[in-house]
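1. Okay, predicted coordinates and the sequence, questions at the end:
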Amino acid sequence: MRTVTGIQRKYEGTRLRAFSVITCSACSCSVLERKRSQIEKLLSSPCPTCLAIEKKQKKELKAKQRELQLKEARILREQRACDKADDTILSCPQCSKEFVHESGKPGRPAKLCPDCRVTSTLKDRRSYHLLKAYGVTQEWYDAKLVEQNYTCAICPATHEETRYGQLYIDHDHSTGKARGLLCQHCNHGIGKFYDNISLLENSILYLKEHSRVK
């Protein structure tokens, strides 16, 4: 902190002027200044010597913190290496492939390998979606697929030719009951006609009337 500690008179050119003595309370360094604006500026700014000491202390503190972080990271790596040595090798009951359960991870060891866990999760999600949205099971879908010979119930498109490699479940919008499996175009087509048989029959008559083949 800087304060005005006295007045010192000295010649500036040929004139004798009064200068304020501004002294730092920490390092006792002093400076002379005559102008009021400069005096206020000096009082509000830190001493250059103290500022250099403060920067040096901050730099040393930052270096110590960095050294501590590196030490903690090294200890953590060594601990993980020790835990990895105690990992358990398990065998997947579905594909019989061996996989490693990391002992450092919380929870019980997984029963399935990572690949089978993903497949099982996707199957569970699809079964839940079919049951909640259409009230059918995956077994119903597979049986319907075999019954329709893996093709759309309206057009000859197969399940492999559809957008996502599967046929869509068509359902009655009034009752919500599943009716069959359709390709994306047929499912959207009858949906655009609101399942109205009269509109579909009128569409057939319209196409026949304007068909080029007589």
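-> That came through fine. Predicted, not measured: the structure shown is a model, and the values here were computed from it.

2. quick one: average pLDDT of the longest helix seen in the chain?
-> Taking DSSP state H as the assignment, the helix of the chain that covers the most residues is helix 48-85. Summarised as a single mean, pLDDT over helix 48-85 is 80.

3. Helix or strand next in line after it, which one?
-> The helix or strand immediately downstream of helix 48-85 is strand 88-91, counting by DSSP states H and E.

4. What is that following strand packed up against?
-> On a contact count with 3 or more C-beta pairs under 8 Å, 6 or more residues apart in numbering; DSSP states H and E, strand 88-91 meets strand 98-101. No exception for glycine: its C-beta is placed from N, CA and C like everyone else's.

5. who touches whichever helix or strand comes after the strand it packs on?
-> Using DSSP H and E, the next helix or strand after strand 98-101 towards the C-terminus is helix 114-133. Helix 114-133 is contacted by residues 92, 94-95, 97, 99, 110, 112, 136-138, 140-141, 169 when judged by C-beta atoms under 8 Å, 6 or more residues apart in numbering.

6. for the residues you listed, which one is nearest residue 49?
-> Among the contacts of helix 114-133, residue 110 lies closest to residue 49 (C-beta to C-beta), at 63.4 Å.

7. Which parts of this structure belong to which domain?
-> Taking automatic domain parsing as the domain assignment, the ranges for the chain are 2-45, 134-209.

8. any idea which of the ones you listed is most buried?
-> Compared across these, domain 134-209 shows the largest average neighbour count, a mean of 14 (mean count of other C-beta atoms under 10 Å).

9. So for it, first residue to last residue, what's the gap.
-> 38 Å (C-alpha to C-alpha, to the nearest Å).

10. Tell me the gap between that domain and the middle of its chain.
-> The chain centre lies 37 Å from the centre of domain 134-209; the measure is C-alpha atoms, centre = their mean, to the nearest Å.

11. State the mean pLDDT of it.
-> Mean predicted lDDT for domain 134-209 stands at 90.

12. again, but for stretch 116-129
-> Average pLDDT, stretch 116-129: 78.

13. all numbers from here: first residue = 86
-> Noted, 86 is the first residue going forward, which turns the last one into stretch 201-214.

14. Could you list the buried residues of it?
-> In terms of neighbour count (16 or more other C-beta atoms under 10 Å), stretch 201-214 has its buried residues at residue 201.

15. How far away from the center of its chain is it?
-> Relative to its chain's centre, stretch 201-214 lies at 22 Å (C-alpha atoms, centre = their mean).
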